[in-house]
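K.L.:
sequence and computational prediction follow.
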Amino acid sequence: MAITLVSSLPTHISPEEHKTLSASTPASFADIPPVLRHKEENVSVTLDPPVDGFSAEDGAHGTLYVIESVLVFISATGKGFQVDYPSITLHAISRAEAGPSIYCQLDDAPAAEAAVQEEEDDVANMRELVIVPKDSSALEPIFESLSICASLHPDPNDADAMDDDDDAFVDAGEFETFDGDADQELSEVGKVRSDFLNGNRYNPY
């Protein structure tokens with residue numbers, strides 16, 4: 001599963017601690033704990049479909065931790081969950097009518113089923129995660145931190161596909177420059193489940 005229930009944070013360090021450890025020339029940089037890229041308090045989350053053992057009440061209020069190893073949410077109830085970055089197949093900022101949020105799609109298929117799912121294009125194992133910070137100005141820092149951490153965990157299957165596809169590289173001129181307004185910010189890919197976001201089924205604030 002993409003989501004693992006937890007009750008405490010994994011080992012991590014602050015950016016300042018990372019600078020200190022790196023400057024001290026450790027015996028192995030691999031032994032340095034992952035860095036906390038962003039911490040956001042007063043956050044609510046929704047999961048669709050829900051996860052057994054984590055209720056809507058648990059998701060109503062808590063703290064989000066964007067750590068280089070995993071994405072973690074710890075609820076004010078004491079319950080929490082973590083998400084492996086390779087499982088996040090899409091993340092985007094949404095400014096839909098339901099309110100500004102970070103929208104994520106998670107590949108919830110067990111590893112053993114990954115190859116089968118690719119062939120069948122089965123969406124049954126897709127789970128949606130919506131992150132709503134009380135302070136909407138936190139959307140950009142959360143998104144940027146997510147992007148950085150995701151880049152540290154590339155999908156090995158993507159690399160294989162690039163090797164096998166002679167047309168994998170395209171001319172940059174084929175891409176159009178985005179010059180729309182905030183309402184158009186979420187890409188067509190990010191709108192894949194905009195019906196979910198626009199439903200406004202959950203408004204914790």
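P.N.:
Perfect, thanks for sending it.
K.L.:
what comes up buried for the helix or strand that contains residue 41?
P.N.:
Taking DSSP states H and E as the definition, residue 41 sits inside strand 36-48. Buried positions in strand 36-48, judged by neighbour count with 16 or more other CB atoms under 10 Å: 36-40, 42-47. For the C-beta atoms, the positions are set from N, CA and C on the backbone; glycine is no exception.
K.L.:
in a markdown table: those, plus pLDDT and distance to residue 91.
P.N.:
Shown next, in a markdown table, are the buried residues of strand 36-48 (pLDDT from 0 to 100; distance: CB to CB, whole Å):
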| residue | pLDDT | distance to residue 91 |
| --- | --- | --- |
| 36 | 97 | 18 |
| 37 | 96 | 14 |
| 38 | 97 | 13 |
| 39 | 97 | 17 |
| 40 | 98 | 14 |
| 42 | 98 | 20 |
| 43 | 98 | 15 |
| 44 | 98 | 17 |
| 45 | 98 | 13 |
| 46 | 97 | 15 |
| 47 | 97 | 14 |
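K.L.:
of all pairs in those residues, which one spans the longest distance?
P.N.:
Pairwise distances across the buried residues of strand 36-48 peak at 23.5 Å for 36 and 46 (criterion: CB to CB).
K.L.:
follow-up on the earlier one: quickly name whichever of the buried residues of strand 36-48 is closest to residue 96.
P.N.:
Distances from residue 96 to the buried residues of strand 36-48, taken by CB to CB, are shortest for residue 46, at 13.3 Å.
K.L.:
from what I can see that closest one touches residue 129, true?
P.N.:
Yes. Counting by CB atoms under 8 Å, residue 46 does reach residue 129; the two are 7.5 Å apart.
K.L.:
what sits up against stretch 71-79?
P.N.:
Stretch 71-79 has contacts (CB atoms under 8 Å, 6 or more residues apart in numbering) with 5-10, 43, 45, 53-54, 57-65, 80-83, 85, 88, 131, 146, 149.
K.L.:
so for it, mean pLDDT?
P.N.:
For stretch 71-79, the mean per-residue pLDDT is 98.
K.L.:
measure it end to end?
P.N.:
In stretch 71-79, first residue to last residue: 14 Å (CA to CA, to the nearest Å).
K.L.:
buried residues in it?
P.N.:
71-75, 79.
K.L.:
and for residue 50, the neighbour number?
P.N.:
As a burial measure, residue 50 scores 13 neighbours (other CB atoms under 10 Å).
K.L.:
now do it against residue 138, distance only.
P.N.:
24 Å (CB to CB, to the nearest Å).
K.L.:
any low-confidence regions in this protein?
P.N.:
25-29, 110-124, 156-205 (pLDDT under 70).
K.L.:
and the biggest helix by length in the chain, what other elements does it pack with?
P.N.:
Under DSSP state H, the helix in the chain containing the largest number of residues is helix 139-151. Where contact means 3 or more CB pairs under 8 Å, 6 or more residues apart in numbering; DSSP states H and E, helix 139-151 is packed against strand 36-48, strand 62-67, strand 88-94, strand 101-107, strand 126-133.
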